[in-house]
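>>> Any chance you could fold what I've pasted below:
(one chain, ligands or ions: 1)
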Amino acid sequence: ATQPRPGGNIEGAWEALREEAAHCTRCDLYKHATQTVFGEGPVDARMMIVGEQPGDQEDLAGHPFVGPAGEVFDRAMVEAGIDRAGVYVTNAVKHFKFEPRGKRRIHSKPDAGEIQACRWWYEQERLLVKPELTIALGASAARQMLGKTVTIAATRGRALDLPDGGRGWVTVHPSYLLRLPDRAKAEDAFAAFVEDLKGAEKLLA
Ligand code: URA
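Coordinates of the predicted model:
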């Protein structure tokens, strides 16, 4: 049901895929999350950007990168001169994983099994979008993109050849920038993130 059918169109196939993902039970995260947060953006985008997993606000809104990390992401995209509306934005894992703490829900990292379980959706998205360039934000996204554990330090900021075609690029996750306590260091790290995005985009020129 997820392949473009003869006579069907690619947007229709994507809608069907998103609808299917809304009922996903491939791992246990669906049990506590509000909803599946599927990728978004033009299905014919040249660039795909992959985050880790929806956060608290994304879980409630049903859209990727709309909370605090999304604000940093949006600001960096503007500074890098990349129009988010032209990019397909998704996550390595499509349900919010959290620990309840009082009334708050504290983000917790997806484990290797959850990333693997969600790989199916990521691969289906890629079969439709076929991006020329994929940017992974942080280690979980890099793991999904490359199919193996890597460190940001070893892979950051250079063109990588992806197993399913196209180029890959690894950079930090915007949440990491939010966690840096030192303001000057956070500004430097933000500037480096913007430079990474610009460097990646040059590959499309
Ligand atoms: N962090 C992510 O990795 N993805 C989102 O969609 C939001 C926050």
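
>>> From here on, just use CA atoms for contacts and neighbour counts.
Will do.

>>> got the CA coordinates for the longest helix along the chain in CSV?
The longest helix of the chain (DSSP state H) is helix 183-202. C-alpha atoms of helix 183-202 as CSV (Å, rounded to 0.1, in the frame of the first residue of the first chain):
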residue,chain,number,x,y,z
ARG,A,183,26.3,31.8,26.5
ALA,A,184,29.4,32.6,24.4
LYS,A,185,30.0,28.9,23.8
ALA,A,186,26.4,28.4,22.8
GLU,A,187,26.7,31.3,20.3
ASP,A,188,29.8,29.7,18.8
ALA,A,189,28.1,26.4,18.6
PHE,A,190,25.1,27.9,16.9
ALA,A,191,27.3,29.6,14.4
ALA,A,192,29.1,26.3,13.7
PHE,A,193,25.7,24.6,13.2
VAL,A,194,24.7,27.3,10.7
GLU,A,195,28.0,26.8,8.9
ASP,A,196,27.3,23.0,8.7
LEU,A,197,23.9,23.6,7.2
LYS,A,198,25.5,26.0,4.6
GLY,A,199,28.2,23.5,3.8
ALA,A,200,25.7,20.7,3.3
GLU,A,201,23.5,22.9,1.1
LYS,A,202,26.5,23.6,-1.2
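
>>> Residues of the chain that sit close to the ligand?
51-55, 58, 64-65, 69-70, 91 (CA under 6 Å from any ligand atom).

>>> Mind checking which of these are in strands?
The strands, defined by DSSP state E, take in 51, 91 from these.

>>> Selection in ChimeraX covering whichever of the residues of the chain next to the ligand are buried, please.
The ChimeraX command for the buried members of those (criterion: 16 or more other CA atoms under 10 Å) is given here:
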select :51,52,53,54,55,58,64,65,69,70,91
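
>>> and stretch 174-186, average pLDDT?
Averaged across stretch 174-186, the pLDDT comes to 97.

>>> wait, I meant stretch 39-56
Mean predicted lDDT for stretch 39-56 stands at 98.

>>> Repeat that for stretch 86-104.
98.

>>> What are the buried residues along it?
For stretch 86-104, by 16+ other CA under 10 Å, it's 87-98.

>>> first vs last residue of that stretch, how far apart are they?
34 Å (CA to CA, to the nearest Å).

>>> With stretch 86-102 instead?
First-to-last residue span, stretch 86-102, CA to CA: 39 Å.

>>> so of the residues of the chain next to the ligand, which ones are in helices?
Using DSSP H, the residues of the chain next to the ligand in helices are 58, 69-70.

>>> Which single one of the residues you listed is nearest to Leu178?
Ranked by distance to Leu178 (CA to CA), these are led by Ala69 at 7.4 Å.

>>> just the helices in this structure please.
Using DSSP H, the helices of the chain run over 10-21, 56-61, 68-80, 112-129, 138-146, 152-155, 174-179, 183-202.

>>> out of those helices, which comes closest to Arg167?
helix 183-202 (9.2 Å).

>>> Which residues does the closest one contact?
76-77, 79-82, 133, 135, 157-159, 169, 171-172, 177-178, 180 (CA atoms under 8 Å, 6 or more residues apart in numbering).

>>> Please apply the same query to stretch 146-166.
Residues contacting stretch 146-166 (CA under 8 Å, 6+ apart): 130-134, 138-139, 142-143, 145, 167-172, 196, 199-200, 203.
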